[in-house]
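*Asks:* quick one: sequence plus predicted model below, questions after.
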Amino acid sequence: VISVLFWTLANDMCSVDEAKSVYPLMGISANVALVIAGNYIKLVNKTVAAGSMQASLQWLIGTVVVTSGLMMGAKWLID
């Protein structure tokens, strides 16, 4: 869902000429975000959840909900 929102926002904001220079940077940023997300999952599992699957899922799903809300809010502000 987040990936779709990200690329939808990118398509709405960039013209074809801008996309030629901006999309590679966005693609690299998306790959870096995957590394950061993996480290965040490890952090949640080791510290906050402390081995509890339920607590881990609650934190991770909460994070997805909050970041999705932030992205929707950003798109609303831009539009």
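*Replies:* Done, it's in.
*Asks:* quick one: buried residues of the lowest-mean-pLDDT helix or strand in the chain?
*Replies:* The weakest-scoring helix or strand in the chain, judged by mean pLDDT, DSSP states H and E, is helix 2-13 (a mean of 83). Residues 9, 10 are the ones in helix 2-13 that count as buried (16 or more other C-beta atoms under 10 Å). In short, each C-beta sits where N, CA and C put it, glycine included.
*Asks:* who does that helix touch, helix- and strand-wise?
*Replies:* Contact analysis of helix 2-13 by 3 or more C-beta pairs under 8 Å, 6 or more residues apart in numbering; DSSP states H and E lists helix 16-43, helix 53-78 as its packing neighbours.
*Asks:* chain center to that helix: distance?
*Replies:* Its chain's C-alpha centre and that of helix 2-13 lie 11 Å apart, by C-alpha atoms, centre = their mean, to the nearest Å.
*Asks:* that one to helix 53-78, inter-axis angle?
*Replies:* Relative orientation of helix 2-13 versus helix 53-78 (axes from the mean of the first three to the mean of the last three C-alpha atoms, to 10 degrees): 10 degrees.
*Asks:* worst average pLDDT in the helices and strands packed on helix 2-13?
*Replies:* Note on the helices and strands packed on helix 2-13: lowest mean pLDDT is at helix 16-43, with a mean of 89.
*Asks:* I'd like to know which elements it is packed against.
*Replies:* Using 3+ C-beta pairs under 8 Å, 6+ apart, helix 16-43 sits against helix 2-13.
*Asks:* got the contact list for the helix it packs on?
*Replies:* Helix 2-13 has contacts (C-beta atoms under 8 Å, 6 or more residues apart in numbering) with 19, 22-23, 26, 30, 64, 67-68, 71-72, 74-75, 78-79.
*Asks:* make it 6 Å
*Replies:* With contact meaning C-beta atoms under 6 Å, 6 or more residues apart in numbering, helix 2-13 is reached by 26, 71, 75.
*Asks:* kindly format the C-alpha coordinates of it as CSV.
*Replies:* The C-alpha trace of helix 2-13 is given here as CSV (Å, rounded to 0.1, in the frame of the first residue of the first chain):
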residue,chain,number,x,y,z
ILE,A,2,2.7,2.4,0.9
SER,A,3,4.6,1.8,-2.3
VAL,A,4,1.5,2.5,-4.4
LEU,A,5,0.9,5.7,-2.5
PHE,A,6,4.5,6.7,-3.0
TRP,A,7,4.5,6.2,-6.7
THR,A,8,1.1,7.7,-7.1
LEU,A,9,2.3,10.9,-5.5
ALA,A,10,5.4,10.8,-7.7
ASN,A,11,3.3,10.5,-10.8
ASP,A,12,1.0,13.3,-9.8
MET,A,13,3.9,15.7,-9.0
